[in-house]
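> just coords:
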């Protein structure tokens, strides 16, 4: 579709900064022109038009840490100590999730994400062949990196799953879906397996990846204070410095790693993240809700680390709302460091856009509104009492705008939501499917039938 | 109006807990019955009906610390060091605000508040006769306590303003508006003036108040770490223990005081807050944004202090969104204390409802859905992907619901918003007025005309 969005304030997040009364031109899936409305409208007079007067036009938000399927467990258990929460509540239910549940949960999260202005999601979960998260993202029209989470206890299963995932889904759905290799964490993936996964990633990239569109890594790293102890308990390894340093000693850290959390870091850990160009997915809401600790983001930024933002799962957040994550991130570090100048609005907005794209090694195509990039664009209605009056659009986007202010969402040149109506799937049907899946899931768990996940080999 | 709201899940926040497929009956401004839908519908068959199927019906949220007029400065300056923010940005503009600006800013905040499910606001600002915040709240249909902020440098002005405010506005607008005496802070109100204001409050209560509807106090207390130093700088007084202890030594603390912030407290301060039954208005978003510090809320709750929630001004938040404040409060204390069981959802929801009512000494009329209370009721739409599926409504209200999910708002028995449409004022007109007021305000400030506030005697 050839399209001109005009009359709005374009917050490009690129070299052109903020353009008032600006316009963006989309041909097919690509942004082909950006400029002042008058000029653009004359030049592309026959293109379809969207009037963005009184609105802000900006790149879609990029959520770099999600477990999309887990929306089926949203609000199922909160406010428990972490160990009890996982062992007594989340895991016993999760073990009974089928491939279909994963698909339906991811559908629900994908719809919620689009409705909140997120256009790209990096999601880690169990990949299954018949139904999976990739299908859900593709169906809704979302862009995303879909991983398969790997554990030492199921190496052969994981390898088959990763092979299948890469073959079927990498660079598929018009290039919207990419895949990742997701070692769960340093305490659930042993050193040998970690290295094997690195070798496997190389192989998969040779077969299915490309320099422009590589298969990346997505791992939980240094989330809780006792991670070194967990590694010792699991593998008998005593860590000399930090957890990042330990993982680096395995030779697996590089610029293609998205490391979620990075809460408990030694000074050497921070150095290594910077040196290896590891990308950090910061999840302030999840870290606060689970009381994991507070990631030293200002220090990571000073060290030159690329910090992006994530919601984490609908179970530990409990929203897929990147506007909310921006506000939490911007405020949390001011608050705990006693310094109101930390993470100013513009830095925070970069974390949710351009840094997200860099984290996923996708900044050649997304993260900003610039000529040649894919058209992942959201239109935010600013004509609302809570965004009024307007002094500074970027301040409003971080401190005052809400997910519900997003009116229209374009992904890869396709209008996925228009005036808050999702065009690709029937939202009521998705919700009905999710409700039925939830009911059956609880039934299976209560009856304690044989867990689905453990027997589901590929 | 006689009205039955039926078919929803009633989160009463009162002795009846949560009622599924419940109904509430309103006659005039009062709740006269609460129960199961079937029974209620039969009993009140001829009343007007609102179908709340798939929705949550709950008491309106109570914002216990606001400066409603300041929406005109929303997003005008952020991310600066506190001193620079106040002295270089906020105050120079604020000094030029006219009574009309205050009225228009408060109109905008009142509309935003209602649209986010807030039904009562406790607001502190400069009272002026012709135009003021009380007028704005009354016009929109909001319930509120409107104060006049007092400073040592304008005692005679303050006293005249308080007299006028109490006479014209206390228990007015169908009982929706009450007033308060607002000593700005212990470093701007000298000891003698603090005692004079206590005596004046007594007098005003004799003339205009009643046991059921007293004129209360609203003060900033222990907001920043250097408050003791500021008191020393202002009045030459050296404080032996904490700031609360100092204010208590003046004999002015009692159960009718709403103390905003209470961030920097000594153990003795906490004891005194509990002993004197001072009500704490906790403003997590403002405290984080201004980097004021983190109020020891879990300790205050353990000490038996009534803790309510507030947004603080649209300048330091930058939203009037109590749903957001609930999520920040619930998560902040988990995060900084490393304990995910602190401020569970139900405790947090109580802080935003029943505790808010107690803080304003208004719990005889508001804060819960119970027979005999005033009908301040909000209807929240739960049929939305981000509130799906449903395990626990209270979890969703605190961790997943958004201001924009509020569909209908009833205050004092009157429908103020229906299906997100404000019935009392024209929102577009309010926004236009605010825009014009903002433009003129900046013009006056830039031209450095004589400040309005300093010459505006009553």
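Cool, got the structure. Keep in mind that what you see is a predicted model, and the values were worked out from it rather than measured.

> Give the buried residues for the lengthiest helix in chain A.
The helix spanning the most residues in chain A, taking DSSP state H as the definition, is helix A:427-446. For helix A:427-446, burial by neighbour count (16 or more other CB atoms under 10 Å in any protein chain shown) applies to A:427, A:430-431, A:433-435, A:437-438, A:441-442, A:444-445. All C-beta spots, glycine's among them, are computed from the backbone N, C-alpha and C.

> go on, stretch A:129-137?
Neighbour counts over stretch A:129-137 (16+ other CB under 10 Å) mark A:131-137 as buried.

> Out of those, which is nearest to chain B?
Distance ranking of those against chain B, using CB to the nearest CB, places residue A:136 first at 12.5 Å.

> Torsion angles phi and psi at the closest one?
For residue A:136, the backbone dihedrals are phi -60, psi -50 (criterion: degrees, to the nearest 10).

> before we move on, the earlier item: between the buried residues of helix A:427-446, which has the least confident prediction?
Among these, residue A:445 carries the lowest pLDDT, at 87.

> do you know how far that one is from residue A:101?
According to CB to CB, to the nearest Å, residue A:445 stands 11 Å off from residue A:101.

> Name the residues that touch whichever strand or helix holds residue A:157?
Taking DSSP states H and E as the definition, residue A:157 sits inside helix A:155-169. Helix A:155-169 is contacted by residues A:126-129, A:132, A:134, A:146-148, A:150-151, A:177-179, A:181, A:193, A:196-197, A:200, A:204, A:207-209, A:215, A:457-458 when judged by CB atoms under 8 Å, 6 or more residues apart in numbering or on different chains.

> 7 Å - rerun?
A:127, A:129, A:134, A:146, A:148, A:150, A:177, A:179, A:181, A:193, A:200, A:204, A:208, A:215, A:457-458 (CB atoms under 7 Å, 6 or more residues apart in numbering or on different chains).

> In PyMOL, how would I select the buried members of those?
Those of the contacts of helix A:155-169 that count as buried under 16+ other CB under 10 Å are selected in PyMOL with:
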select buried, chain A and resi 127+134+146+148+150+177+179+181+193+200+204+208+215+458
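
> Looking at the contacts of helix A:155-169, which has the smallest pLDDT value?
Taking the contacts of helix A:155-169 together, the minimum pLDDT is found at residue A:457 (45).

> what's the weakest-modelled helix or strand in chain A?
helix A:452-455 (a mean of 60; mean pLDDT, DSSP states H and E).

> Tell me the one of the buried residues of helix A:427-446 nearest residue A:372?
Checking the buried residues of helix A:427-446 against residue A:372 by CB to CB gives residue A:427 as the nearest, at 33.0 Å.

> which residues does the residue in the stretch 151-300 of chain A positioned nearest to chain B contact?
Closest to chain B within the stretch 151-300 of chain A is residue A:288: 3.3 Å, counting by CB to the nearest CB. Residues near residue A:288 by CB under 7 Å, 6+ apart: B:331-332, B:334-335.

> try 6 Å this time
When contacts are counted by CB atoms under 6 Å, 6 or more residues apart in numbering or on different chains, residue A:288 touches B:331, B:334-335.

> Dump those residues to TSV, plus secondary structure, distance to residue B:391 and neighbour count.
Supplementary listing: the contacts of residue A:288 in TSV, determined by DSSP: H, G, I helix; E, B strand; the rest coil; distance: CB to CB, whole Å; neighbours: other CB atoms under 10 Å in any protein chain shown:
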residue	secondary structure	distance to residue B:391	neighbour count
B:331	helix	19	28
B:334	helix	19	23
B:335	helix	23	27
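
> what subset of those residues is also close to chain A?
Filtering the contacts of residue A:288 for proximity to chain A (criterion: CB under 6 Å from any CB of the partner chain) leaves B:331, B:334-335.

> Please parse chain A into its domains.
A:2-59+A:367-419, A:61-359 (automatic domain parsing).

> And those: which comes nearest residue B:96?
Taking CB to CB, domain A:2-59+A:367-419 is the member of the domains of chain A nearest to residue B:96, at 15.1 Å.

> so who does residue A:334 touch?
For residue A:334, the set of contacting residues under the criterion of CB under 6 Å, 6+ apart consists of A:340, A:342, B:288, B:291.

> between these, which has the most around it?
Counting neighbours by other CB atoms under 10 Å in any protein chain shown, the top entry in the contacts of residue A:334 is residue B:288, with 25 neighbours.

> Name the residues of the helix or strand that residue falls within that are buried.
Taking DSSP H and E as the definition, residue B:288 sits inside helix B:284-289. Residues of helix B:284-289 classed as buried: B:284-289 (neighbour count, 16+ other CB under 10 Å).

> And for stretch A:151-170?
Buried positions in stretch A:151-170, judged by neighbour count with 16+ other CB under 10 Å: A:151-152, A:154-155, A:157-166, A:168-170.

> How about the stretch 351-458 of chain A: which residue is closest to chain B?
When scored by CB to the nearest CB, the stretch 351-458 of chain A has residue A:404 as its residue closest to chain B, at 3.6 Å.
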